[in-house]
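Chemist: Show me the folded form of this:
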Amino acid sequence: MREETVSHDITVVGGGLAGVCAAVAAARLGRTVALVGNRPVLGGNSSSEVRVWVCGATGHGKNHHAREGGIMGELLVENQYRNPLGNPYLWDTTVLDAVRAEPGISLYLNTDVRLVDAGESGISSVTGWMMGSERLITFESPLFLDCTGDGLVGHLAGARYRIGREGRAEYGEPWAPDEPDDITLGSTLLFYTKDAGEPVRYVPPSFAKDITTTSIPERRIIKAGDNGCAYWWIEFGGELDTVHDNDRIRDELWSVVYGIWDYIKNSGKFDADTMTLEWVGALPGKREYRRLLGDYVLTQHDVLGQTPFDDRVAFGGWSIDLHPPQGMYATEAGAKQRYADGIYHIPYRSLYSVNVPNLLMAGRNISASHVAFGSTRVMATCATIGQAAGTAAALCAERGTRPRDLPAADLQRTLLREDASVVGLPLDDPADLAGAATASASSTLTRLVVDVPAGLWPLDADAGLVLPADPALGGVRLLADAAGDTTLTVELHDPVLGQNYVPRELVTTSAIPLPAGEKQWVDLRLDWRPETPRNAFLVIKANPLVGLHVADQPAPGVLCFTKVPLRPQDESPQPLREWADTGLLRRTFCLETGATQAFAPDKALDGYQRPYAGPHMWVSGTLPATLHLEWPGPVTIARIEVIADDDVNEDLINLHHHRTPFEVLPTLVRDYRVEVRRGGAWHPVAETRENRRRRNVHVLGEPVPADALRIVVEATNGAPSAHVVAVRAYPPEYGPRGGRTGGER
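Modeler: Below you'll find the model as predicted:
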């Protein structure tokens, strides 16, 4: 056995997506990081060992403009290019490459941390055994992150934590049980199948369960061609201890997996003669164990009420998703879900320990009630929390301060600088020279026109249409057919919150006489000038005589919906479920609007990095196109950032749950060059070709004086216009910093 001691600025324990994003975030800010994981691959439950698909705030498309940004967003966009078929092993390599790209990270795989040295001043070291290498390694750091999921480091350090469900009286949560208990969500094993092209015999092992003796065939959906994520409901252990009974839980899950396959292959009820098992998991994917307590405990009220925390540093949007304690043997549905009206915020105070002064946590073990955890536990949300916690650790290490003493405003500014998503907050960055510039463009989209119909959408149910009201909404027309003389009724609603895309407050109603006829442009007679730019939600009421023409193209800033009934088991009202884009994704009702400033050049300088009460990006009228920044006097530029539009409304996935039809997001600028003006002449300083990333950082070889800068977009990856979310310019003292991008480093 070899004994070693290593020292880093920060030690991150846990190699899941929360730990990966925490380590990458801290390393990009110049810190040295030990990333310690007890598995041979990174990715945690998303890895090829477990193969749970990465869910997040999009709720598989229910939430809009909600896909995670920052490091998690980079991983999803890169995986979309490298791995469009959702191969689990290629996902492993995408995650590993992101870690290996950061020279500040020292990676320790197969290293199981089991000892923690801690006292009143916090943790001084943790010690892990590196399996296969017979190395006993002690990790020393001033700061530690528990990204283990199970909260093991916090537990060994004496951190306060909770396991199980709080009673309803503690936080007044409607979904909490009457009395507290130790019930948790269970663990899952998944399996993959394939068609072998010839008959394949299946002899079940002795431990395979006869599932016909259980309620599973009656209560759960079983199909011969399904595998992987379709069987998320193979869950067990909610009434056991998901850590200490892990092997017992695994054995029970194995018995059911092989029993389900026996039922599919040998019951005669399925067409599965040529099907065979390709892969069966051996490592249970855990959902829940310890939740480490911070200065604030996130609750059901915060998730559903979308509490606008002053110290918000991450966001979620998955439903509160709680499963019955009996898991796969339960007689009720496999999940009980409730969505907020849009994304919700996660406060910094939930990411550091209430009593261990140098411990931060990220992932499913953050400070949340059991009910709120039902939403925060999904991996893309855990990853955004990881970036926030890793960034906080980096700032604390740089300043020699404790996590509790770090000003939230400093953390928020740094996160936004690094292109993480803090929803509803603009970047106010004194170092960014672009904040003092004036923006103009060669062309700008000033009016929305979609007039090439590809089909008719019958108004059998209410239709929804979201448009930007910036500074006003007016002149809206729709292309419609009417089978007879009728009246078309349209309501205009205010979604109220900038991150919401559901109707909340009725502003006005318009009733338009509509004569019989085809392809009529109908003036909706709506005018709205809110105090600040907003999303306008139009409800076109159902009318069996009317159909709306729809185009097979998206339009920037526009969303289209149809109203669908809730399932019998769903709580009502739940507008996020009721307004769906089924059949309308990447399509637009044929429309025309009046003038809008929603896509003006100065939107690329307003500090917002994702849609919020409007699109917040410059969109050109034509291609090629130029975005021009001009200063009142000379400045010296050492670094330029171009933030492209990666269309956060697209629900990307890492594995095979669904497939998005393009490998590079069409809205991303592809070919562009950066030029600066000095002495009245333009000089090229950077160029990007075949871009497939959102954030491109150009660190100039030598700082350059300039009084103007322009981004010349020659081509996109498919969109008819250039979309630029932000342009930043930094002086020499800030030039070298930044993350992995498609441009120079």
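Chemist: which stretches of the protein have low pLDDT?
Modeler: By pLDDT under 70, the weakly predicted segments of the chain are 735-745.
Chemist: Next, name the residue at the spatial heart of it.
Modeler: The centroid of the chain falls nearest to Glu68 when counting by CA atoms, centre = their mean (2.7 Å).
Chemist: Quick one: residues contacting it.
Modeler: Contacts here follow CB atoms under 8 Å, 6 or more residues apart in numbering; on that basis Glu68 touches Gly56, Ala57, Leu76, Ala380, Thr381, Ala383, Thr384, Ser421. C-beta here means a position set from N, CA and C on the backbone, and glycine is covered the same way.
Chemist: Contact partners for the first one?
Modeler: Okay, so that is Gly56. Gly56 makes contact with 66-68, 72, 316-318, 378-381, 383-384, according to CB under 8 Å, 6+ apart.
Chemist: quick one, phi psi at it?
Modeler: phi -160, psi -150 (degrees, to the nearest 10).
Chemist: In space, what's closest to it - neighbours in sequence excluded?
Modeler: What sits nearest to Gly56 in space, not counting adjacent residues and going by CB to CB, 6 or more residues apart in numbering, is Ala380, at 2.6 Å.
Chemist: Tell me how many other residues surround Pro430.
Modeler: Summarising burial for Pro430: neighbours were counted as other CB atoms under 10 Å, giving 8.
Chemist: Kindly report the same for Glu170.
Modeler: Glu170, neighbours per other CB under 10 Å, totals 14.
Chemist: what does Gly701 give?
Modeler: 9.
Chemist: Sheet partners, orientation included, of the strand ranked longest in the chain?
Modeler: Determined from DSSP state E, the single longest strand within the chain is strand 695-716. Strands adjacent to strand 695-716 in the sheet, as given by DSSP bridges, are strand 625-644 (antiparallel), strand 669-678 (antiparallel).
Chemist: Point out the other elements, helices or strands, that the helix or strand where Val20 lies touches.
Modeler: Per DSSP states H and E: Val20 is located in helix 17-28. Contacting helix 17-28 under the criterion 3 or more CB pairs under 8 Å, 6 or more residues apart in numbering; DSSP states H and E are the following elements: strand 10-13, strand 33-36, helix 70-82, helix 88-100, strand 105-108, helix 379-399.
Chemist: quick one, the helix or strand just after the last one and helix 379-399 angle?
Modeler: Right, the one you point to is helix 379-399. Scanning forward in sequence from helix 379-399, with DSSP H and E defining helices and strands, the next element found is helix 408-417. Angular relation of helix 408-417 and helix 379-399 on a 0 to 180 degree scale: 120 degrees, by axes from the mean of the first three to the mean of the last three CA atoms, to 10 degrees.
Chemist: So which bits of the helix or strand following helix 408-417 are buried?
Modeler: Counting by DSSP H and E, the element after helix 408-417 in chain order, helix or strand, is strand 438-441. By neighbour count with 16 or more other CB atoms under 10 Å, strand 438-441 contains the buried residues Ala439, Ser440, Ala441.
Chemist: circling back to that earlier point, tell me which of the helices and strands packed on helix 17-28 lies nearest to Asn45.
Modeler: Distances from Asn45 to each of the helices and strands packed on helix 17-28 were compared using CB to CB; the minimum, 6.3 Å, belongs to helix 379-399.
Chemist: Helices of the chain, start to end?
Modeler: Counting by DSSP state H, the segments of the chain that form helices are 17-28, 70-82, 88-100, 152-156, 168-171, 216-219, 246-266, 300-305, 370-376, 379-399, 408-417, 575-578.
Chemist: Kindly compare burial across the ones you listed and name the winner.
Modeler: The highest mean neighbour count among those, using mean count of other CB atoms under 10 Å, belongs to helix 17-28: a mean of 32.
Chemist: Please put the alpha-carbon coordinates of that helix into PDB.
Modeler: Listed in PDB are the C-alpha atoms of helix 17-28, where the atom choice follows Å, rounded to 0.1, in the frame of the first residue of the first chain:
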ATOM      1  CA  LEU A  17     -22.500  15.900 -12.900                       C
ATOM      2  CA  ALA A  18     -22.700  18.100  -9.800                       C
ATOM      3  CA  GLY A  19     -19.000  17.300  -8.900                       C
ATOM      4  CA  VAL A  20     -17.900  17.600 -12.500                       C
ATOM      5  CA  CYS A  21     -19.400  21.000 -12.900                       C
ATOM      6  CA  ALA A  22     -18.200  22.200  -9.500                       C
ATOM      7  CA  ALA A  23     -14.600  21.100 -10.300                       C
ATOM      8  CA  VAL A  24     -14.600  22.700 -13.800                       C
ATOM      9  CA  ALA A  25     -16.100  25.900 -12.500                       C
ATOM     10  CA  ALA A  26     -13.400  26.300  -9.900                       C
ATOM     11  CA  ALA A  27     -10.600  25.300 -12.200                       C
ATOM     12  CA  ARG A  28     -11.700  27.900 -14.800                       C
END
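Chemist: Now do that helix against helix 379-399, angle only.
Modeler: Relative orientation of helix 17-28 with respect to helix 379-399: 30 degrees, computed using the same axes, to 10 degrees.
Chemist: Figure out how far helix 17-28 is from the centre of its chain.
Modeler: Put simply, helix 17-28 sits 16 Å off its chain's centre (CA atoms, centre = their mean, to the nearest Å).
Chemist: How about stretch 533-550?
Modeler: Centroid separation between stretch 533-550 and its chain, computed with CA atoms, centre = their mean, is 29 Å.
Chemist: So which bits of it are buried?
Modeler: Under the neighbour-count criterion of 16+ other CB under 10 Å, stretch 533-550 has 533-541, 543, 545-550 buried.
Chemist: How about stretch 458-474?
Modeler: In stretch 458-474, residues buried by neighbour count (16+ other CB under 10 Å) are 458-459, 462-470, 472-473.
Chemist: ditto for stretch 329-349
Modeler: Residues of stretch 329-349 classed as buried by neighbour count (16+ other CB under 10 Å): 329-330, 334-349.
Chemist: how does this structure divide up, domain by domain?
Modeler: If the domains of the chain are taken from automatic domain parsing, they occupy 2-164+295-329+337-417, 187-280, 433-444+599-734, 447-595, with pieces of a single domain joined by a plus sign.
Chemist: ok, how many other residues are close to Leu585?
Modeler: The number of residues packed around Leu585, counting by other CB under 10 Å, is 14.
Chemist: Show the contacting residues for it.
Modeler: Taking CB under 8 Å, 6+ apart as the criterion, Leu585 is in contact with Gly61.
Chemist: still on that earlier bit, okay if I get the contacts of Gly56 as a markdown table plus distance to Arg728?
Modeler: Formatted as a markdown table, the contacts of Gly56 follow (distance: CB to CB, whole Å):
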| residue | distance to Arg728 |
| --- | --- |
| Ala66 | 24 |
| Arg67 | 22 |
| Glu68 | 21 |
| Met72 | 21 |
| Gly316 | 27 |
| Gly317 | 27 |
| Trp318 | 31 |
| Val378 | 31 |
| Met379 | 30 |
| Ala380 | 25 |
| Thr381 | 27 |
| Ala383 | 24 |
| Thr384 | 21 |
